[in-house]
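A.B. asks: Quick one, what's the 3D model for this:
(4 chains)
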Protein chains: 2
Amino acid sequence: MNSADLASGPCPLGRAAGIFGDRWTLLIMRNATLGATRFEQFRTGLGIADNILSNRLGKLVDAGVLTKEPYEDGNRIRSHYRITQAGVALRPVLEALAAWGHTYANPAEPTIAVRIVHLPCGLPTADGSYCDVCDTGITNEDAAWVMPWVSEEPIPLATAAVTAAPDGN
Amino acid sequence: MNSADLASGPCPLGRAAGIFGDRWTLLIMRNATLGATRFEQFRTGLGIADNILSNRLGKLVDAGVLTKEPYEDGNRIRSHYRITQAGVALRPVLEALAAWGHTYANPAEPTIAVRIVHLPCGLPTADGSYCDVCDTGITNEDAAWVMPWVSEEPIPLATAAVTAAPDGN
DNA sequence: ATTGCAAGCTTGCATAAAGGAAGCTAACAT
DNA sequence: ATGTTAGCTTCCTTTATGCAAGCTTGCAAT
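C.D. replies: All right, here's what the predicted structure looks like:
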């Protein structure tokens, strides 16, 4: 079996793994969730090679998790990549992976958990999807991640570019 | 940057992606969670090449999510790979990915969600970690996945081989 | 006006990872 | 004796990744 076949199988986990199962894609989505939109931002933020980044961004657009849109930079038209509804919906996956990594990955060096704060109340949440204090669900619009090894400042999360239909193409 | 460096960075999501960010590892963990333990089971279940499987199982043992243990097959000693506590803890990641894949990946073909059932009550759960009906948390011991494209029969999940310390080595 | 520079790519080439097939070993089973 | 299975390893080919260079457009400085 070629692993490209996974993306078309009946198992939803297999299909997701077919999209995100490579070295860079999850990290690109992490950075997109944290607000990166431009080629240069992804490149310097990740240290990924140009050609690989170009390829991955294209695949993520094809997969429907990012959109490529022109935007004006002065008088010049540049491209940027904005997260779609499907991309926003990946947040629980990223948070679950971050939580796992905090507890289990390479714990020899001091690890610091990502905290998911609910911006309206400013309080961290246990779950990422629900604020027990406010008794409401948490969307990307009112969520932020605190990554203490970067800064104690909460980083607001990117919101969906368009209310995309759940269409993978 | 070489992506191997990710596994040692400060970001827990980056470290997790360094372990699971390849074509096969998440699928190996899916099958391990569903009870696969032997080389042959992984190989035929996934269609992965022998050398890659051998390499991945070794890395997963090194990462602390699987253990390699001898077991008796008749008079002969064979190896099997059992999931550890760190491996069991990956279940939320797998379930989040499966949920995402069901909604967003390649929805052209009919997709069927994985259902996570709480074995004591036999009822599906919304969350995977908590049974609202029984008002208890759900561990692998009393959870099962229903993958309707395979069978309506709930598949009980593998439980941890040892109560491993959260030690990645 | 020319030079330089940044963003966003593409192209070409070297290296690393993945895939496929064959081979190897130890214990059965025939 | 011959074949078979699980669990690997080795060899070779193909694909993916990494690195460097080049290209284009506009803007900014000289």
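
A.B. asks: Chain neighbours aside, what residue packs nearest to residue A:19?
C.D. replies: residue A:63 (5.1 Å; C-beta to C-beta, 6 or more residues apart in numbering or on different chains). In this view, the C-beta of every residue, glycine as well, is placed from N, C-alpha and C.

A.B. asks: That neighbour is in contact with residue A:18, isn't it?
C.D. replies: No. Using C-beta atoms under 8 Å, residue A:63 makes no contact with residue A:18, being 9.3 Å away.

A.B. asks: okay, and the common contacts of the two?
C.D. replies: The contact sets of residue A:63 and residue A:18 overlap at residue B:105 (C-beta atoms under 8 Å, 6 or more residues apart in numbering or on different chains).

A.B. asks: Is any residue of the helix or strand residue A:32 falls within near chain B?
C.D. replies: Using DSSP states H and E, residue A:32 maps to helix A:25-33. Yes. Helix A:25-33 reaches chain B (C-beta under 8 Å from any C-beta of the partner chain) through A:25, A:26, A:27, A:30.

A.B. asks: near DNA strand C, which residues of chain A show up?
C.D. replies: A:1-3, A:38-41, A:50-51, A:54, A:57, A:68, A:73, A:78-80 (C-beta under 7 Å from any atom of the strand).

A.B. asks: Sitting in helices, which of the residues you listed do you find?
C.D. replies: Judged by DSSP state H, helices contain the following of these: A:39, A:40, A:41, A:50, A:51, A:54, A:57.

A.B. asks: What are the neighbouring residues in contact with the fourth one?
C.D. replies: With contacts taken as C-beta under 8 Å, 6+ apart, residue A:50 has the following neighbours: residue A:43.

A.B. asks: can you check the last one too?
C.D. replies: Under the criterion of C-beta under 8 Å, 6+ apart, the neighbours of residue A:57 are A:28, A:39, A:42, A:66, A:68, A:81.

A.B. asks: Dump the residues you listed into JSON lines; add neighbour count and pLDDT as well.
C.D. replies: Output for the contacts of residue A:57, formatted as JSON lines (neighbours: other C-beta atoms under 10 Å in any protein chain shown; pLDDT from 0 to 100):
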{"residue": "A:28", "neighbour count": "26", "pLDDT": "97"}
{"residue": "A:39", "neighbour count": "16", "pLDDT": "96"}
{"residue": "A:42", "neighbour count": "22", "pLDDT": "96"}
{"residue": "A:66", "neighbour count": "25", "pLDDT": "97"}
{"residue": "A:68", "neighbour count": "13", "pLDDT": "95"}
{"residue": "A:81", "neighbour count": "24", "pLDDT": "96"}
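
A.B. asks: which of those residues lies closest to residue A:141?
C.D. replies: Nearest to residue A:141 out of the contacts of residue A:57 is residue A:66 (C-beta to C-beta; 18.3 Å).

A.B. asks: now the strands for chain A?
C.D. replies: Taking DSSP state E, the strands of chain A run over residues A:66-73, A:76-83, A:115-118, A:123-125, A:130-131, A:136-137, A:143-146, A:155-156.

A.B. asks: Leaving out chain neighbours, which residue sits closest to residue A:114?
C.D. replies: Distances taken as C-beta to C-beta, 6+ apart put residue A:98 closest to residue A:114, at 4.6 Å, once the chain neighbours are dropped.

A.B. asks: Then residue A:79?
C.D. replies: Per C-beta to C-beta, 6+ apart, closest to residue A:79 is residue A:68, 5.6 Å.

A.B. asks: Isn't the one you found up against residue A:59?
C.D. replies: No. Residue A:68 is beyond contact range of residue A:59, at 11.7 Å (criterion: C-beta under 8 Å).

A.B. asks: who touches the nearest residue to residue A:45 once chain neighbours are set aside in this structure?
C.D. replies: Excluding its sequence neighbours, the residue lying closest to residue A:45 (C-beta to C-beta, 6+ apart) is residue A:31, at 5.1 Å. Neighbour list for residue A:31: A:41, A:42, A:45, A:46 [criterion: C-beta under 8 Å, 6+ apart].

A.B. asks: Against chain B, how distant is residue A:31?
C.D. replies: Here the distance between residue A:31 and chain B works out to 10 Å (C-beta to the nearest C-beta, to the nearest Å).

A.B. asks: any idea how far that residue is from DNA strand C?
C.D. replies: To DNA strand C, residue A:31 is 13 Å away according to C-beta to the nearest atom of the strand, to the nearest Å.

A.B. asks: Looking at that residue now. What's its pLDDT?
C.D. replies: Note on residue A:31: pLDDT of 96.

A.B. asks: ditto for the one 10 residues further on
C.D. replies: Confidence per residue is given as pLDDT, and for residue A:41 that number is 96.
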